[in-house]
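1. Structure for this input, please:
(one chain, ligands or ions: 1)
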Amino acid sequence: MERLQKVIAASGLTSRRKAEELIVAGKVKVNGEVITELGYKVNDNSEIEVDGLKLNKEDKVYYLLNKPRGVVTTTHDDKGRKTVIDFIDDNRRIYPIGRLDYDTTGVLLLTNDGEFANYMMHPKNEIDKVYIAKINGFLLPSDIMALKKGVVIDGVKTDKAKVKVRKIDKQNKTSIVEIIIHEGRNHQVKNMFKTLGYEVLKLKREKIAFLDLKGLNSGEYRPLNPKEIKQLYALTQQKNTR
Ligand code: URA
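-> Residues are numbered from 1 along each chain as shown. Here you go, the predicted structure:
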């Protein structure tokens, strides 16, 4: 169920504000009945008419982008920087699910399906995200343990993580660390390392659940297929019935 003005705006017909004005003015019908209540809930089967025009519902779309460095994860940037939307050749109102930092690369999902976006981001669903971090120095065993158990950022402890050192570069005194988390707090991975005195020099999201970057060069994207969407929903359902 979605709010009427949101569905009208998502169809691309008008802005959310204009949709609200039309509803209040009695110009909107749902299943043949005039609705003037803002926030009236409709579902996928509701027949919506705006000013005598039947609403074309937008098809739901889902994309996986290999986000390059130097791109903002937003639909519009006031400073005119390139956004992740600029990479997707689709005029529908799609937006990113969650956020990767300007300098972080890798798996980013985009959609116009609000329900799916909420589903993927809700902490209770515990969808794993695999990050590969290049850090300065070498992780002490006690620090690996601390990351695994959770560290305190802004007074709140992070959830358990999986941590594995993939490679160390003795000459340059850097390490490549795989860290798997299911939360999505702001700058979470960088801040987790920072609490222990390490700096993340490079960060890439290698996977979300089973979705990886196979076949996608930096800046390339592909649609998710219906089977993948179903599998993602199934994953979270399994977790929530445990
Ligand atoms: N954690 C970060 O610090 N940055 C990201 O972009 C994603 C996770």
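
2. count of residues packed around residue 9?
-> 18 (other Cβ atoms under 10 Å). Where C-beta positions appear, they are placed from N, C-alpha and C, glycine not excepted.

3. so what's it up against?
-> Listed by Cβ atoms under 8 Å, 6 or more residues apart in numbering, the contact set of residue 9 reads 15-16, 19, 93.

4. how does it look with 6 Å?
-> The contact partners of residue 9, taken as Cβ atoms under 6 Å, 6 or more residues apart in numbering, are 16, 19.

5. Just the C-alphas of stretch 26-42, formatted as CSV.
-> Taking C-alpha atoms only, stretch 26-42 is exported to CSV below (Å, rounded to 0.1, in the frame of the first residue of the first chain):
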residue,chain,number,x,y,z
GLY,A,26,-11.2,16.8,-6.0
LYS,A,27,-9.5,16.1,-9.3
VAL,A,28,-8.4,12.5,-8.4
LYS,A,29,-10.5,9.4,-8.5
VAL,A,30,-9.6,6.0,-7.2
ASN,A,31,-11.7,3.1,-8.5
GLY,A,32,-14.2,5.6,-9.8
GLU,A,33,-14.6,7.5,-6.5
VAL,A,34,-13.3,11.0,-5.9
ILE,A,35,-10.7,11.0,-3.1
THR,A,36,-9.8,14.3,-1.4
GLU,A,37,-7.9,12.8,1.5
LEU,A,38,-4.1,13.3,1.4
GLY,A,39,-2.3,10.1,2.3
TYR,A,40,-5.1,7.8,1.1
LYS,A,41,-3.6,4.4,0.6
VAL,A,42,-3.7,2.6,-2.8
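
6. residues near residue 5, how many?
-> Neighbours around residue 5, by other Cβ under 10 Å: 23.

7. Surely it forms part of a helix?
-> Yes: the assignment for residue 5 by DSSP: H, G, I helix; E, B strand; the rest coil puts it in a helix.

8. Kindly provide the distance from it to residue 60.
-> According to Cβ to Cβ, to the nearest Å, residue 5 stands 19 Å off from residue 60.

9. Now do the longest helix seen in the chain: distance to the chain's middle.
-> When the chain is parsed with DSSP state H, its longest helix is helix 226-240. Computed by Cα atoms, centre = their mean, to the nearest Å, the chain-centroid distance of helix 226-240 equals 16 Å.
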